[in-house]
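1. coordinates for the following, if possible.
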Amino acid sequence: MAGGATVSPVMSTAEAAAPRVTLNAPASPSHNATPSFAGTASYTTPVTVHIFAGALAKGTVVSTATATGTGATWASGSASPALASGQYTAVATQENSIVGDAPGKSGPVTFMVTPPLVVPPTEPLVPAPAAVPPSTLAAVPPPTPPLASFRWFPPVPQTGEPVSLVSISTDATSPITGIAWALTSSGPFQGGGAVLTTSFSTPGAHVVRLRVIDAYDLASVATETIKVIGRAPSLMQPFPVVRIAGTETAFGVKLGMLRVQQMPAGAKITVRCKGRGCPIKVARRVAMSSKRGAATVEFRGFERSLHFGVTLEVLVSKPDEIGKYTRFAIRRGTPPERVDMCLDVAGVKPMVCPLSAA
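-> Sure, this is the predicted structure:
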């Protein structure tokens, strides 16, 4: 057009959409070890059914079946190679008509292949000679339920310690398709795998149950009692050191040092004085953290003359740990007596130390 702009035609390329593919579920459970499949696919390119072992379309393809795409419904040939008894998951795919574009893919379909039935042969039309007894076949026995069984490790767990529950269940005629655990004698079962890791917060007898189900929907339950013991208390680390020094006098002892050192932060120290003439009846301190790591606490209020008959007790405690106990007794006619022991986890009673501790 004179005086106007020249308009050029614009070319556009539409990308082909991925094929729409569906997959019908085959008969399940079935004795057919080479099943065929059917579904729909929107393209005319070939359709391939990929078969995976188990309940998920993951891992190695164990068998395939193929079909010719028609743009509508399709039907495949038999799966090859043949499938063993068990659970399988199939997914159908169809190639895109444009090379390099994404293929179409159906949703997963899960099915079960069960052991083949044994069918007795038909009777012959001509009777066998009288001298040869006719052959007979025993009736095929019905499937038997699985045998549920499990073990646990360690055999005698402590409170709070991880415990592995391991199913060792078996089934002579069918694969086991379902496993569930219950950690009480009457609570509900929760689905899980062949191995379950748990722990127990209290000592005593704990009832655990395992339920297994096979491909015929037959089930059995195993019940076991696990003995759980309390966790052994640990020795306070670092273990405290009580230092007492002094000189004897005509009336008792002149105490020059009462010190507790080498303690973890947070440890509680109690010094009790018993007898006549105690300068202080009870003194309590809490060890604080220091740059050197091990705290030191001095009790200068006791660093004075202590008469005969006076007894000092030093108790160093920390929750859930074995602590330190020291007794220092001043007796007439004999040297002062010192006794070092451990302190129970409650921080109350002296006890024999389970390990060597200064």
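
2. give me the neighbour count for T326.
-> T326: 23 surrounding residues under other C-beta atoms under 10 Å. (C-beta placed from N, C-alpha, C; glycine too.)

3. actually, A102.
-> Neighbours of A102 using other C-beta under 10 Å come to 13.

4. these two touch, right, it and A18?
-> Yes: at 4.7 Å, A102 counts as touching A18 under the criterion of C-beta atoms under 8 Å.

5. find residues that contact each of those two.
-> Residues touching both A102 and A18 by C-beta atoms under 8 Å, 6 or more residues apart in numbering: N96.

6. does the nearest residue to K268 once chain neighbours are set aside sit in a helix, a strand or a coil?
-> Of all residues not flanking K268 in the chain, S317 sits nearest, at 5.2 Å (C-beta to C-beta, 6 or more residues apart in numbering). Classification of S317 using DSSP: H, G, I helix; E, B strand; the rest coil returns strand.

7. wait, doesn't S317 sit right on G323?
-> Yes: using C-beta under 8 Å, S317 is in contact with G323, at 4.1 Å.

8. and stretch 179-193, how far out from the chain middle?
-> Offset of stretch 179-193 from its chain centre (C-alpha atoms, centre = their mean, to the nearest Å): 14 Å.

9. and the end-to-end length of that stretch?
-> Terminal residues of stretch 179-193 lie 6 Å apart, using C-alpha to C-alpha, to the nearest Å.

10. list the contacts of that stretch.
-> 165, 167, 169, 178, 194, 196, 198, 206-213, 223.

11. from the residues you listed, pick the one nearest S305.
-> Checking the contacts of stretch 179-193 against S305 by C-beta to C-beta gives H206 as the nearest, at 59.2 Å.

12. so what secondary structure elements neighbour the helix or strand of the chain with the lowest mean pLDDT?
-> Lowest mean confidence among the helices and strands of the chain (mean pLDDT, DSSP states H and E): strand 295-298, at a mean of 86. Judged by 3 or more C-beta pairs under 8 Å, 6 or more residues apart in numbering; DSSP states H and E, the packing partners of strand 295-298 are strand 252-263.

13. tell me the strands beside the strand it packs on, with direction?
-> strand 241-248 (antiparallel), strand 295-298 (antiparallel), strand 305-307 (antiparallel) (DSSP bridges).

14. can you tell me what sits against it?
-> Residues contacting strand 252-263 (C-beta under 8 Å, 6+ apart): 236, 238-248, 269, 271, 287, 294-300, 302-308, 310, 312, 314, 316, 324, 330, 336.
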